[in-house]
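**Q** Sequence first, predicted model second:
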Amino acid sequence: MDYSYESEQTKFMREFLEKNPQVQKKRLEARGIWWDKELNREELKRFKESSVPQKPYVYFGPESQD
């Protein structure tokens with residue numbers, strides 16, 4: 001099997017990132033804003049404990065007649 005194949009998209013992205021190294025830096029900064037966060041385990045535990053179970057068919061009230 002030939003593993004040396006590289007798609008046009010992959011070639012474009014590789015060349016683009018080589019010519020524009022600031023894009024990689026911006027991407028990592030943006031990722032840090034939304035994804036790379038430390039979780040507060042105590043806060044997460046309180047959040048899960050405080051949730052109220054949702055009843056089935058919440059969009060149909062008791063007065064609804066099908």
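**A** Happy to help now that I have it.

**Q** Now do the buried residues in the longest helix anywhere in the chain.
**A** Identified as the longest helix of the chain according to DSSP state H is helix 21-34. Buried residues in helix 21-34, counted by 16 or more other Cβ atoms under 10 Å: none are found. No exception for glycine: its C-beta is placed from N, CA and C like everyone else's.

**Q** next one: phi and psi at Asn20?
**A** Geometry field for Asn20 lists phi and psi as phi -130, psi 70, criterion degrees, to the nearest 10.

**Q** so where's this protein uncertain?
**A** 1, 58, 60-66 (pLDDT under 70).

**Q** would you list every one of the helices in it?
**A** Under DSSP H, the chain gives helices at 8-19, 21-34, 41-49.

**Q** How far does the longest one sit from its chain's centre?
**A** Right, helix 21-34. Offset of helix 21-34 from its chain centre (Cα atoms, centre = their mean, to the nearest Å): 15 Å.

**Q** one step back: now the helices of the chain in JSON lines, with distance to Tyr57?
**A** JSON lines is the format used below for those (distance: least, Cβ to Cβ, whole Å):
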{"stretch": "helix 8-19", "distance to Tyr57": "45"}
{"stretch": "helix 21-34", "distance to Tyr57": "34"}
{"stretch": "helix 41-49", "distance to Tyr57": "24"}
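
**Q** can you tell me which of these comes nearest to Tyr59?
**A** helix 41-49 (24.8 Å; Cβ to Cβ).

**Q** so what secondary structure elements neighbour that closest one?
**A** Judged by 3 or more Cβ pairs under 8 Å, 6 or more residues apart in numbering; DSSP states H and E, helix 41-49 has no packing partners among the helices and strands.

**Q** Output stretch 49-61 in CSV, but only the C-alpha positions, please.
**A** Only the C-alpha atoms of stretch 49-61 are listed here, as CSV (Å, rounded to 0.1, in the frame of the first residue of the first chain):
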residue,chain,number,x,y,z
GLU,A,49,-26.3,17.6,41.8
SER,A,50,-28.5,20.6,41.3
SER,A,51,-30.0,19.5,38.0
VAL,A,52,-33.7,18.6,38.0
PRO,A,53,-34.7,15.6,35.9
GLN,A,54,-36.7,16.6,32.9
LYS,A,55,-40.2,15.1,32.5
PRO,A,56,-41.0,13.4,29.2
TYR,A,57,-43.0,15.3,26.5
VAL,A,58,-42.3,18.7,27.9
TYR,A,59,-43.8,20.4,24.9
PHE,A,60,-47.2,19.0,25.6
GLY,A,61,-49.1,20.1,28.7
